[in-house]
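S.K.: Using only what follows, build the 3D model:
(2 chains)
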Amino acid sequence: MKFTLILFGVFSIWSVRATVLVEELWINNGVSNIVDSPEIPYTAFNPSTEFETLNAILNISVGDTIAFTIHNNDSLSHGFDIKNITVPGGPYIIAPGEMITVEVPFENYGAYIYYDAYNYPHYKSLGAAGTIMVSNTTHSVFYWNMKEHDKPWNTAITEGDFEPIVDYDPFYFTINGVSNPETQADPISRITGNVGDTLVVCIVNTGQMTHSIHFHGFHATITYSSENPSHVNREKDTFPIQEMQTMLIYLVPDKIGKYPVHDHNLVATSGNGIYANGMFHIIDIVE
Amino acid sequence: MRALIILLTFITIGNTSHSQIDKNWLLIARNSGNYIAIDGYEVRLMGFTASLGAPVLAPGPTLRATTGDSVKLRLYNLSQGAPHTVHLHGLDVNQQNDGVPSLSFDIEHDSSGYYYFKAPQPGTYLYHCHVLSAVHVQGGMYGIIIIDAEDPTVTWDGGYAFDKEYHWMTSEIDTIWHNDTIINHEEMDGMPSHIPKVYDPQYFLVNGAMDFQQEEKGDINIHEGIETKILLRLISIGNFANKYTFPAELNATIISSDGRPLPAAEESDTLWIFPGERYQILCDPLTEFIDSVRVDYHELSMGAAKGTQYINVVIEGVFDLPVTEQVAITFYPNPSETYLQFSTQAFSYSIFSLAGALVQEGNITDGLVNTERLKTGNYLIQIDSGDNMNTFYFNKK
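M.R.: This next block holds a predicted model:
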């Protein structure tokens, strides 16, 4: 009887920790109309066949498994892989109109990027890259998928040009597919909370260039860095994040107020030469 | 009478709130500065000065306080142009004193504004204008803030002791961004505002100086004795990343970043520093040597190095040890028609166009470099004499 109870307990713990979550995503094409409506060709992983610039955000617990079903909703082949994670049978190529299914376990705390690995980095550069956060946190989490766009390159890629990307000269800088001031209307990325709260910011850089994010008003602590594990526990106000890197930071605000967070490559605070229509956001802390 | 009492009470409370000021800082915002580049090209600067008669330079004056000080900063705008602010980068001040115009206040021409804050943890910080910041920072409106520990000979309470310190603030200049119409822009009719789309700097600076200008500054190149503990304060205010490469003999240890000690100090001969970051490096040279710290300037979109600076390091013997003789390298004529004659005899050299293209290189044993094949124009020649590397600007007629 005692053994049975122990076995049941172990099984219960195992079943709680080893949840299998079903995620069905579609690779969609569309255009982004940020800042001055440039109609930038864009590709994204969305939770339905309806295109949106925001790639689906997946938040799971350590030890969970995701059962992915990925549909290719485009007339061209695409792919699927996850940075720093071994995807069984991957990386995948998905023919037009086809789909793949794969189960991927996530054993370690952190932030990961799933992305279109076909014709890499071109389709990823078009926007097809999203966030998987693996943590057991109960705190408020805010998600930043940072990406810049060089419209001529996006256009060339959609026309089948997969030459190596050179002379990359982006004029548009986005967080979750939008730029300031639209960022401030995005509840997923706008950091809000009370004094004394622990606020978690999950940052992934799915673009081609490095972004150096500066927080006004506060220092925050790095709790995960995909490329620089030695940086964990560093307390900083400026966080460089390079191409395809991820970072989790904990912010505990000590005062009320509104404080900007922005790329300190100040050119990236603009959008097509319009200031401050770039990577610029505002933290809002209340009592 | 009752109204008078209330008024006096209000004034008293108002004065009391800032009555314990330990440090008064003054910055004057100007737009009348000039930077004369190594090739003689002159660009306009915005900037901060500490007095009316001081030249407008970038960086502006270094501001210094002790941790825990109550600091009052007055900004007086004499720019005859746009409004300005001071953002106290990394000092974690409250919203009112953060210097972001849309969230606090800005200061019009011929007006003053005041910022109040408590000096935070000891470390290296910076300040800059946050009005149209992409333009005003590129224009030159920035400087260093140092917060000392109560014992100024240590990095922080319980931290590292040091004997000397050097501050290296890196930035770039793209001349397009310094056109008169940009530097002299007037008050905006609200945001957003148009700025240049392309950033393609031609000049790469340490404390506002490039190549031979660093020697003229006097406080950039390291010249110390062995066993002198040297604290380097590195500050990045440009839009590029900097890769520092330290000579192994400098015995460099990365000890803090952004005003906070690292959880674990890291011994390293290289360091990447990105826009807005600061690092403190403790150097403990144990041998005599002459070398240089290499600083590469990498653009962030493709990662390519667009410029390099060398900061000379001379560590000499002490007490009765022999002192290393440092011989300055000179050359003539400049401009050159057919040759350059150097004061040192044996060296290898590389000649670059100002765009960074290698146009000629070779090894010399008599100090004479032939320049006949060069086209008319301005060039940089890099001399590697084995002990040291120097870069000089020259003109070919």
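
S.K.: what about the regular element (helix or strand) spanning A:Ala44, near chain B?
M.R.: Element membership for A:Ala44 (DSSP states H and E) is strand A:40-46. No. Strand A:40-46 does not reach chain B (C-beta under 8 Å from any C-beta of the partner chain); its nearest approach is 14.9 Å. Yep, even glycine has a C-beta here, placed from its N, CA and C like the rest.

S.K.: Quick check: beta-bridge partners of the residue minimising distance to the centre of chain B?
M.R.: Among the residues of chain B, the one closest to the centroid is B:Met169, at 2.3 Å (C-alpha atoms, centre = their mean). The partner list for B:Met169 in beta bridges (DSSP bridges) reads B:Ile235.

S.K.: mind listing what the strand holding A:Ala44 pairs with, with the direction of each?
M.R.: strand A:20-32 (antiparallel).

S.K.: Where does the prediction get shaky in the chain?
M.R.: No chain in the question, so chain A it is. For chain A, the stretches with pLDDT under 70 are A:1-17.

S.K.: Hmm, no, I was thinking of chain B.
M.R.: For chain B, the ranges with pLDDT under 70 are B:1-19, B:187-192, B:318-327, B:354-356.

S.K.: Kindly state the domain boundaries assigned to it.
M.R.: Residue ranges for the domains of chain B, per automatic domain parsing: B:17-152, B:170-316, B:331-396.

S.K.: Show the end-to-end separation of the last one, please.
M.R.: Between the opening and closing residues of domain B:331-396 lies a distance of 14 Å (C-alpha to C-alpha, to the nearest Å).

S.K.: Against A:Ser125, how distant is the closest residue to chain B within the stretch 51-200 of chain A?
M.R.: The minimum distance from the stretch 51-200 of chain A to chain B, using C-beta to the nearest C-beta, falls at A:Tyr168 (4.9 Å). Noted for A:Tyr168: a distance of 9 Å to A:Ser125, by C-beta to C-beta, to the nearest Å.

S.K.: Check A:Thr138 too.
M.R.: For A:Thr138, the distance to A:Ser125 (C-beta to C-beta) stands at 35 Å.

S.K.: circling back: list the contacts for the closest residue in space to the residue of the stretch 51-200 of chain A closest to chain B that isn't next to it in sequence?
M.R.: Closest residue to A:Tyr168 apart from its sequence neighbours, by C-beta to C-beta, 6 or more residues apart in numbering or on different chains: B:Ser301 at 4.9 Å. Contact analysis of B:Ser301 by C-beta atoms under 8 Å, 6 or more residues apart in numbering or on different chains lists A:148, A:168-170, A:208-209.

S.K.: hmm, back to that, what are the contacting residues of the strand holding A:Ala44?
M.R.: Applying C-beta under 8 Å, 6+ apart, the contact partners of strand A:40-46 are A:25-34, A:51-56, A:70, A:74, A:78, A:114, A:116, A:123, A:126-130, A:149, A:151, A:154-155, A:157-158, A:172, A:177.

S.K.: Same question for stretch B:180-188.
M.R.: Contacts of stretch B:180-188 with the rest of the structure, by C-beta under 8 Å, 6+ apart, involve B:31, B:44-46, B:81-83, B:108, B:132, B:135, B:139, B:193, B:195-196.

S.K.: Burial check on the closest residue to B:Gln96 other than its chain neighbours, number of neighbours?
M.R.: Excluding the flanking residues, the one nearest B:Gln96 by C-beta to C-beta, 6+ apart is B:Ser104, at 5.2 Å. Residues lying near B:Ser104 (other C-beta atoms under 10 Å in any protein chain shown) number 20.

S.K.: Where do the strands of the stretch 51-200 of chain A begin and end?
M.R.: Applying DSSP state E, counting those that start in this stretch to the stretch 51-200 of chain A gives strands spanning A:57-60, A:65-72, A:78-82, A:92-94, A:99-105, A:110-115, A:129-134, A:140-149, A:172-175, A:192-194, A:199-205.

S.K.: which strands and helices sit next to the third one?
M.R.: Which is strand A:78-82. On a contact count with 3 or more C-beta pairs under 8 Å, 6 or more residues apart in numbering or on different chains; DSSP states H and E, strand A:78-82 meets strand A:65-72, strand A:92-94, strand A:99-105, strand A:110-115.

S.K.: List the neighbouring strands of that strand plus their orientation.
M.R.: Strand A:78-82 sits in its sheet next to strand A:92-94 (antiparallel), strand A:110-115 (antiparallel), going by DSSP bridges.

S.K.: again with the last one
M.R.: In the sheet containing strand A:199-205, the strands it pairs with under DSSP bridges are strand A:140-149 (parallel), strand A:246-251 (antiparallel).

S.K.: just checking, next helix/strand downstream of that strand?
M.R.: Using DSSP H and E, the next helix or strand after strand A:199-205 towards the C-terminus is strand A:211-215.

S.K.: Tell me which other helices or strands the helix or strand just after that following strand touches.
M.R.: Of the helices and strands lying after strand A:211-215 in sequence (DSSP H and E), the nearest is strand A:220-225. If you count contacts as 3+ C-beta pairs under 8 Å, 6+ apart, strand A:220-225 packs onto strand A:235-236, strand A:246-251.

S.K.: now what about the last one, what contacts it?
M.R.: Strand A:246-251 is contacted from outside by A:83, A:110-113, A:131, A:133, A:135, A:139, A:191, A:198-205, A:215, A:218, A:220-226, A:239, A:241, A:283, using C-beta under 8 Å, 6+ apart.

S.K.: now do 7 Å
M.R.: By C-beta atoms under 7 Å, 6 or more residues apart in numbering or on different chains, the surrounding residues in contact with strand A:246-251 are A:110-113, A:198-204, A:218, A:220-226, A:239, A:241.

S.K.: How far off centre is the helix or strand following it?
M.R.: Per DSSP H and E, the first helix or strand lying C-terminal to strand A:246-251 is strand A:257-263. Offset of strand A:257-263 from its chain centre (C-alpha atoms, centre = their mean, to the nearest Å): 20 Å.

S.K.: for stretch A:65-75, same thing?
M.R.: Relative to the centre of its chain, stretch A:65-75 is centred 17 Å away, using C-alpha atoms, centre = their mean.

S.K.: what do you get for stretch A:158-176?
M.R.: Centre-to-centre, stretch A:158-176 and its host chain are 18 Å apart (C-alpha atoms, centre = their mean).

S.K.: Now go through the contacts of stretch B:180-188 and say which are in helices.
M.R.: Secondary structure defined by DSSP state H assigns B:135, B:139 of the contacts of stretch B:180-188 to helices.

S.K.: Would you list the buried entries among the contacts of stretch B:180-188?
M.R.: For the contacts of stretch B:180-188, a neighbour count by 16 or more other C-beta atoms under 10 Å in any protein chain shown gives the buried set as B:31, B:44-46, B:81-83, B:132, B:135, B:139, B:193, B:195-196.

S.K.: Return the subset of those lying in strands.
M.R.: Counting by DSSP state E, the part of the buried ones among the contacts of stretch B:180-188 found in strands is B:31, B:44-46, B:193.

S.K.: Looking at the residues you listed, which is nearest chain A?
M.R.: Here the nearest of those to chain A, counting by C-beta to the nearest C-beta, is B:Ser193; it sits at 5.1 Å.

S.K.: residues touching the closest one, list them.
M.R.: Counted by C-beta under 7 Å, 6+ apart, B:Ser193 has contacts A:275, B:132.

S.K.: That one bridge partners, please.
M.R.: On the basis of DSSP bridges, B:Ser193 is bridged to A:Tyr275.

S.K.: same check, this time on B:Thr308
M.R.: B:Asp296.

S.K.: Can you give me the neighbour number for the residue of the stretch 251-397 of chain B found nearest chain A?
M.R.: Nearest residue of the stretch 251-397 of chain B to chain A (C-beta to the nearest C-beta) works out as B:Gly276 at 3.2 Å. Residue crowding around B:Gly276 was assessed by other C-beta under 10 Å; the count is 29.

S.K.: Need the nearest residue in space to it, chain neighbours excluded.
M.R.: Nearest non-adjacent residue to B:Gly276, counting by C-beta to C-beta, 6+ apart: A:His264, 3.2 Å away.

S.K.: What are the neighbouring residues in contact with that neighbour?
M.R.: Contacts of A:His264 by C-beta under 7 Å, 6+ apart are A:212, A:214, A:238, B:275-276.
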